[in-house]
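Participant: got a predicted structure plus its sequence, pasted below:
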Amino acid sequence: MSEPTSRAEAPDAGELTVEELPRPGRFGQFGGRYVPEALVPALEQLDEARQKAAVDPEFTDELARLHATYTGRPSILTEVPRFAAHCGGARVVLKREDLNHTGSHKINNVLAQALITKRMGKTRIIAETGAGQHGVATATAAALMGLECTVYMGRVDTERQALNVARMRILGAQVVPVEHGSATLKDAINEALRDWVTNVATTHYCIGTVTGPHPFPEMVRDFHALIGEEARAQVLELAGRLPDAVIACVGGGSNAMGIFHRFVPDAGVRLIGVEAGGEGVESGRHAARFASATPGVLHGAMSYLMQDADGQTVESHSISAGLDYPSVGPEHAHLRDSGRAEYRYATDEQVMEAFSLLCRTEGIIPALESAHALAGAMEVGRELGPEALLLVNLSGRGDKDMHTAAAWFGLVEEGST
Amino acid sequence: MTTATAGVEDVLARCRAEGRAALIGYLPVGFPSLEGSVAAMRVLVEAGCDIVEVGIPYSDPLMDGPTIQGAAAAALAGGTRVDDVFTAVAAVREAGGTAVVMTYWNLVLHRGVERFAADLAAAGGAGLITPDLIPDEAAEWTSASDRHGLDRVFLVAPSSTRERLEVVTSACRGFVYAASTMGVTGARENVDADARGLLERVRAVTDLPVCVGLGVSTRAQAAEIAAYADGVIVGSALVRALAGEGELTQRLDTLRTLTAELAQGVREGNR
Ligand SMILES: Cc1ncc(COP(=O)(O)O)c(C=O)c1O
């Protein structure tokens, strides 16, 4: 696995100089609103709607009711001693976002955005999805609230997450496979943005992670912040102290921001994000943005971006569709540059080992995305030793990944495909 | 090297004095090849484009429909580099045309805004059209374009509020780009409905020339828009002509014919 990268080792940002103005939607120099002018009114409307909703009991009570009676919150904490034996003997507790309705943390954000869609008087909701978990959550919320739903998904991802494509269609959503570019998450976002700019009068774009133009990174973080709020209280009750480290996988970065946010003021708690190392950073086939990327703009936000000498986006690679994205949420870029959070990566191989270990030692099948956090915990536990207490965000369950896992471990019978 | 260009505003003023709208034609550099794109841009100038909009192919063109997406992908696959845009701009200038560059923002940001502006000015380019940069994020570009005397063309759309129209038009120099419809680039049957209303609202807040783009593909549409706009912008239709079957020389002929028709169109606007 990688050495943690820090500011000092950061790749040179080249000639990029961005004036640091105290503007809304900025995390240090990152974030902002790099969008077609046609979308500005919708972003302003959304920003106003979510700020009003945040202080309106009609919204906050309804969301709390849905989380209690539909999502299944609060999600529980599970201590995993047999898995922890492979983490240098450190104490490891999992925040079980995999037990939420639809099987991942994504539903936290989607229910809130769907309620806001209705408050704005819009009747249609669109989404991009990589692993399909955000798409399934959006299709679910649309079914629950009577909204029309279209989900854009790269063709490569529709193949490796076929189960979730079926789930979305069963729920009544239209799934549009996106053929161009790398045919993965980044291209699905391009297509969703094209739909949005065309249909913005009736349509809300429910972005599934802490990326995109302001107010999305802040808003999506706020809708996931309950993960960290619950977990902090649960860990205090379980162990009588705060964890030494909070560990989460980072695709766009929503589950990580969700669990990190409440811990940011706790200076003694290390915040550790784990990116997709793919086939290794040297191979070029990875999504370890912080290990190789420089600042740039993609999909409306300034952040770290995998790009070539001209500023063209470079395609990312990961065994997990949900982490296969060449940029990262702008708040992570800021947390990293300011030194508050640290980021490392786990290769596909390390991830599959961690995945298998959790299955066999604890009877929990994690999503491949979440298995990156587990691989991170194995490494951090070995560094910190048996006194350490690690809180790991188990962002989703692995049913959708059975096909990939079976192929990786050679569990598919000859001729049974 | 390059002599001082007529700025975009001079060109538009000259067209206005002739009692007509200007024709602005978009083509991406590097499609179907670097040489082919430069030859095609010369054809635009010769056949009656008053301004050539030189596009830089980008990996994630989220304001473009399938036609321009396809051309951009082909240009990138063919090895097109950002540097090539300066070659194309200089060629347009040499052919006697006026060139503005259309680019997604990260390509400028990555080169360095100041360096990009200096290179563009040195090549004889008049300015930049920036489809994914709003004035709120453009502080660095504003000062660089001032330093190098370059035009800044931001977009307005049918969704723009009066407040946004004021923000955007006061940041523009050269002209204002009015998107005719909500959506991405690509030929459309009807472009007039939203455009006319938007034009009226833009005129109420600025004296700058206003050019209309997105969806225009025929002489009749050009004439319709020329009745009330200062310029008519055509993109996908030209790219499609260049993307057709057959030898490049044949496709350049098709492009020449279409450009000449559109140039007729902008002269037929009943003002
Ligand atoms: C289970 C799970 N975890 C993590 C992610 C990555 O997203 P983020 O980094 O926004 O949490 C996904 C995305 O699809 C996911 O399905």
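Facilitator: Okay, I see it.

Participant: okay, now the domains of chain A?
Facilitator: A:27-69+A:106-215, A:72-103+A:225-409 (the TED database).

Participant: turn the ones you listed into CSV, including distance to the ligand.
Facilitator: C-beta coordinates here come from the backbone N, C-alpha and C atoms, glycine included. Listed next are the domains of chain A as CSV, based on distance: least, Cβ to the nearest ligand atom, whole Å:
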stretch, distance to the ligand
domain A:27-69+A:106-215, 3
domain A:72-103+A:225-409, 2
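
Participant: stretch B:259-271 - what's its average pLDDT?
Facilitator: Here stretch B:259-271 scores 92 as its mean pLDDT.

Participant: ok so, going back, and the domains of chain A as a markdown table, adding mean pLDDT?
Facilitator: Formatted as a markdown table, these follow (pLDDT from 0 to 100):
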| stretch | mean pLDDT |
| --- | --- |
| domain A:27-69+A:106-215 | 96 |
| domain A:72-103+A:225-409 | 97 |
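
Participant: in the helix or strand containing residue A:136, what's buried?
Facilitator: Using DSSP states H and E, residue A:136 maps to helix A:133-145. Along helix A:133-145, these residues count as buried under the neighbour rule (16 or more other Cβ atoms under 10 Å in any protein chain shown): A:133-142.

Participant: one more: stretch A:148-155?
Facilitator: Using 16+ other Cβ under 10 Å as the test for burial, stretch A:148-155 gives A:149-155.

Participant: now swap in stretch A:304-316 and tell me
Facilitator: Within stretch A:304-316, the residues scored as buried using 16+ other Cβ under 10 Å are A:304-307, A:310-313, A:315-316.

Participant: so which of those are in helices?
Facilitator: Among the buried residues of stretch A:304-316, no member falls in helices (criterion: DSSP state H).

Participant: okay, those residues in JSON lines with distance to chain B next?
Facilitator: Below are these laid out as JSON lines (distance: Cβ to the nearest Cβ, whole Å):
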{"residue": "A:304", "distance to chain B": "12"}
{"residue": "A:305", "distance to chain B": "7"}
{"residue": "A:306", "distance to chain B": "11"}
{"residue": "A:307", "distance to chain B": "6"}
{"residue": "A:310", "distance to chain B": "5"}
{"residue": "A:311", "distance to chain B": "3"}
{"residue": "A:312", "distance to chain B": "4"}
{"residue": "A:313", "distance to chain B": "4"}
{"residue": "A:315", "distance to chain B": "9"}
{"residue": "A:316", "distance to chain B": "12"}
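
Participant: give me the residue from the stretch 101-250 of chain B nearest the ligand.
Facilitator: residue B:106 (21.4 Å; Cβ to the nearest ligand atom).

Participant: need the three-state assignment for whatever residue of the stretch 1-150 of chain B ends up closest to chain A.
Facilitator: Proximity of the stretch 1-150 of chain B to chain A (Cβ to the nearest Cβ) peaks at residue B:110, 2.8 Å away. Under DSSP: H, G, I helix; E, B strand; the rest coil, residue B:110 falls in the helix class.

Participant: ok so, going back, between the domains of chain A, which gets nearest to residue B:179?
Facilitator: Closest approach to residue B:179 among these is made by domain A:27-69+A:106-215 (6.2 Å; Cβ to Cβ).

Participant: and that closest one, anywhere near chain B?
Facilitator: Yes. Residues of domain A:27-69+A:106-215 contacting chain B under Cβ under 8 Å from any Cβ of the partner chain: A:32-42, A:180-181, A:186-187, A:190, A:193-194, A:197-201.

Participant: contacting residues for the one residue in the stretch 101-250 of chain A that gets nearest to chain B?
Facilitator: Residue of the stretch 101-250 of chain A nearest chain B, by Cβ to the nearest Cβ: residue A:198 (4.0 Å). Contacts were defined as Cβ atoms under 8 Å, 6 or more residues apart in numbering or on different chains; by that measure residue A:198 touches B:182-184.

Participant: backbone dihedrals for it, both of them.
Facilitator: phi -80, psi -40 (degrees, to the nearest 10).

Participant: ok, it to residue B:187 distance?
Facilitator: 15 Å (Cβ to Cβ, to the nearest Å).

Participant: tell me the centre residue of chain B?
Facilitator: residue B:53 (3.5 Å; Cα atoms, centre = their mean).

Participant: mind telling me what element that residue is part of?
Facilitator: Going by DSSP H and E, residue B:53 is in strand B:51-55.

Participant: in chain B, which spans are strands?
Facilitator: According to DSSP state E, chain B carries its strands in the segments B:22-28, B:51-55, B:98-102, B:127-129, B:151-153, B:155-156, B:176-179, B:210-213, B:231-234.

Participant: just send these back as CSV, with distance to the ligand and mean pLDDT too.
Facilitator: Converted to CSV, the strands of chain B look like this (distance: least, Cβ to the nearest ligand atom, whole Å; pLDDT from 0 to 100):
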stretch, distance to the ligand, mean pLDDT
strand B:22-28, 33, 98
strand B:51-55, 33, 98
strand B:98-102, 32, 98
strand B:127-129, 33, 98
strand B:151-153, 35, 98
strand B:155-156, 30, 98
strand B:176-179, 31, 97
strand B:210-213, 35, 96
strand B:231-234, 38, 97
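
Participant: same list, those strands, but as CSV with distance to residue A:211 please.
Facilitator: Shown next, in CSV, are the strands of chain B (distance: least, Cβ to Cβ, whole Å):
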stretch, distance to residue A:211
strand B:22-28, 27
strand B:51-55, 26
strand B:98-102, 25
strand B:127-129, 25
strand B:151-153, 27
strand B:155-156, 23
strand B:176-179, 24
strand B:210-213, 28
strand B:231-234, 31
